[in-house]
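[1] Provided below are the primary sequence and the corresponding predicted coordinates.
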Amino acid sequence: MSPLRIELTIPCHNEAHRLVAGFTELAVWLHGHQQYDFSLVLADNGSSDGTLEIARRLAEESPVPCRVRRLDTAGLALALRDSWDSSSADIVGYCDTDMATDLDHLEDVIAAFADSRVVAVNGSRWLPASHVYNRKSRLRRLLSWGLRASIRLMSGIRATDIACGFKFFRREWYAAHQARLFSRQFFLGGELLSYAEREYPGTGVVEIPVRWHDQPGSRVNLKRAVWAYWKGVAKLHLARFRHKG
């Protein structure tokens, strides 16, 4: 039986300062695990700092298959959707440029998809077996916990960590839902997990505990992220209403 073909996307928006280090770490790991069928996508979305030129050079030098996608508009979800829509892999997923998630968890992802009932695998920093290193300030952790709790309460999503940048989906299942997706920024993972949970309750989504290293220099605007997630929850409720209608 042939191994699953897995395409891993790295969304890049003005990541020139850290793309080489993150990509190199990932490419070295994949090259050392050639028993798996991995390919990569560098998805530049609206960068203005030379990220695209660096991505093209890295793709040419990559020890594993790698392609580059370019969008003129910034947006995490837009970058992922453009990458996944153009993929022919069995599994599509993504990780953050800083490689905050321990790459050994890629083997956990592969093991989870061995169950044909599973359509989504979600890395979580909130499971009992998870470990988060170099945690940010207590205030930021409290705000993160509050955001997570409020989103789960308002959306009904059972997954414990919709914000973790380590998510994977069966491409055919994703493609079947592509037309209904509304997310343009941070909420795409939550939107897809919600659909998977409702379509396959109890079996469709597998959460795996991860070892996560908070990296210095994060540029995520917390207020902007909070607003984006809450807006996503509101749109999710509206989409469910329209879908029922």
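    Ah, there it is.

[2] List the residues that contact residue 28.
    Residue 28 makes contact with residue 63, according to Cβ atoms under 8 Å, 6 or more residues apart in numbering. Every residue, glycine included, has its C-beta placed from N, CA and C.

[3] That one and residue 106, how far apart?
    13 Å (Cβ to Cβ, to the nearest Å).

[4] Residue 195 too?
    Distance, residue 195 to residue 106, by Cβ to Cβ: 24 Å.

[5] So between these two, which is more surrounded?
    Ranked by neighbour count (other Cβ atoms under 10 Å), residue 195 and residue 106 place residue 195 first, with 25 against 22.

[6] Give the full set of residues in contact with the more buried one.
    Here residue 195 is in contact with 177, 180 (Cβ under 8 Å, 6+ apart).

[7] for it, helix, strand, or coil?
    Under DSSP: H, G, I helix; E, B strand; the rest coil, residue 195 falls in the helix class.

[8] Residue 203 too?
    Of the three states, residue 203 takes coil according to three-state DSSP.

[9] How many residues are close by it?
    Residues near residue 203, counting by other Cβ under 10 Å: 14.

[10] and it, how far is that from residue 189?
    From residue 203 to residue 189 the distance is 19 Å (Cβ to Cβ).

[11] Would you mind identifying the next helix or strand past the least confident helix or strand in the chain by mean pLDDT?
    Of all helical and strand segments in the chain, the minimum by mean pLDDT, DSSP states H and E falls on helix 138-155, at a mean of 69. Using DSSP states H and E, the helix or strand that follows helix 138-155 towards the C-terminus is strand 166-170.

[12] Off-centre distance for stretch 180-187?
    Relative to its parent chain, stretch 180-187 has a centroid offset of 12 Å by Cα atoms, centre = their mean, to the nearest Å.

[13] Fine, thanks again, bye for now.
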